[in-house]
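Participant: quick one, fold the following:
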Amino acid sequence: MASHSALESTIDKILSNTEQSILENIRSGLDDSQQNLDNAIPKLESEYDKIISDGEKEADKIAKQITGSSDIEARNKQLMALEDGVNKVFSQALDQITNSDRSGDYSNLIKTLIEEATQILGTSDILISTNAKDKDVVQSVLSQFSGAELTSDTFDCLGGIRVKSKDGTMTFDNTLDARIDRLKPLIRKEIAAKFGVGI
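Facilitator: Alright, predicted model coming up:
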C-alpha cells in the first residue's frame with residue numbers, strides 16, 4: 001500500500017511538472033499571437049461556452065449515475081461513464097473543428113503554429129506538411145517566413161502542421177490533433193477532480 005501511495009505521489013509530481021511545462025509553453029505561444037487572435041475571441045468564447053455547457057450536461061448525467069457507490073465495481077463504472085462523457089464532448093469539439101471555416105482567423109492560427117514550431121526547433125529553415133484542406137492556407141502564410149517551405153506531401157489530420165528542419169534532424173508535430181492529445185489528459189483530470197473521481 002505504501003509503494004502504491006509513493007507511486008501515486010510520484011505520478012502526481014510528474015503530472016504537475018509536465019502540466020507546468022505545458023502551461024508555460026502555451027502561455028508563451030499565446031503572448032506572441034494575442035494581437036492576431038483578438039478578433040476571434042467572441043467566436044471562440046461562444047464555442048467554448050457551448051462545449052463547456054455540453055460537458056456539464058454530460059458530467060451532470062455521469063455524476064447522477066455514479067453517486068452513492070464505493071465498491072470497486074462501481075468505481076470502474078464511474079470511470080467508464082466519465083470516459084464516455086469526456087469522449088462525447090471531445091467528439092463534438094472535433095466535429096466543430098473539422099467543419100470550421102478556414103478563413104482569416106484560421107490563417108492567424110496557422111501563423112502562430114509555424115512561429116511556435118520555429119521557436120521550438122530553433123530554426124526557420126523548415127519543411128512544412130499539412131492536410132489537403134489546409135494546404136492553401138499554409139501556403140498563403142509562408143510568405144511571412146523566410147526559409148520555410150511547404151512540401152507536396154499531405155496527411156490526414158484535423159488541421160495544423162508538421163514541421164521538420166531542413167537538415168532532417170528535428171521534427172515537431174503541431175497539428176490540432178497533437179495539441180488536443182497533449183491537453184486531453186489534463187482536461188480529463190480536471191473534469192474527474194470536479195466530480196470527485198480519481199483517475
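
Participant: helix or strand: which one has the spatially most central residue of the chain?
Facilitator: In the chain, the residue lying closest to the centroid (C-alpha atoms, centre = their mean) is Ile180, at 2.3 Å. Using DSSP states H and E, Ile180 sits within helix 176-194.

Participant: now do that helix: distance to the chain's middle.
Facilitator: 7 Å (C-alpha atoms, centre = their mean, to the nearest Å).

Participant: all strands for the chain, in order.
Facilitator: 126-130, 148-154, 160-165, 171-175 (DSSP state E).

Participant: could the ones you listed go into a markdown table alongside mean neighbour count, distance to Asn76 and mean pLDDT?
Facilitator: C-beta: built from backbone N, CA, C; applies to glycine. Shown next, in a markdown table, are these (neighbours: other C-beta atoms under 10 Å; distance: least, C-beta to C-beta, whole Å; pLDDT from 0 to 100):
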| stretch | mean neighbour count | distance to Asn76 | mean pLDDT |
| --- | --- | --- | --- |
| strand 126-130 | 21 | 40 | 95 |
| strand 148-154 | 13 | 41 | 93 |
| strand 160-165 | 22 | 35 | 94 |
| strand 171-175 | 18 | 33 | 93 |
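
Participant: possible to save these as CSV with distance to Gly85?
Facilitator: Shown next, in CSV, are the strands of the chain (distance: least, C-beta to C-beta, whole Å):
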stretch, distance to Gly85
strand 126-130, 31
strand 148-154, 33
strand 160-165, 26
strand 171-175, 25
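
Participant: quick one: average confidence on the helix holding Ile180?
Facilitator: Averaging pLDDT along helix 176-194 gives 81.

Participant: quick one: contacts for Ile180?
Facilitator: By C-beta atoms under 8 Å, 6 or more residues apart in numbering, the residues touching Ile180 are 90, 93-94, 158.
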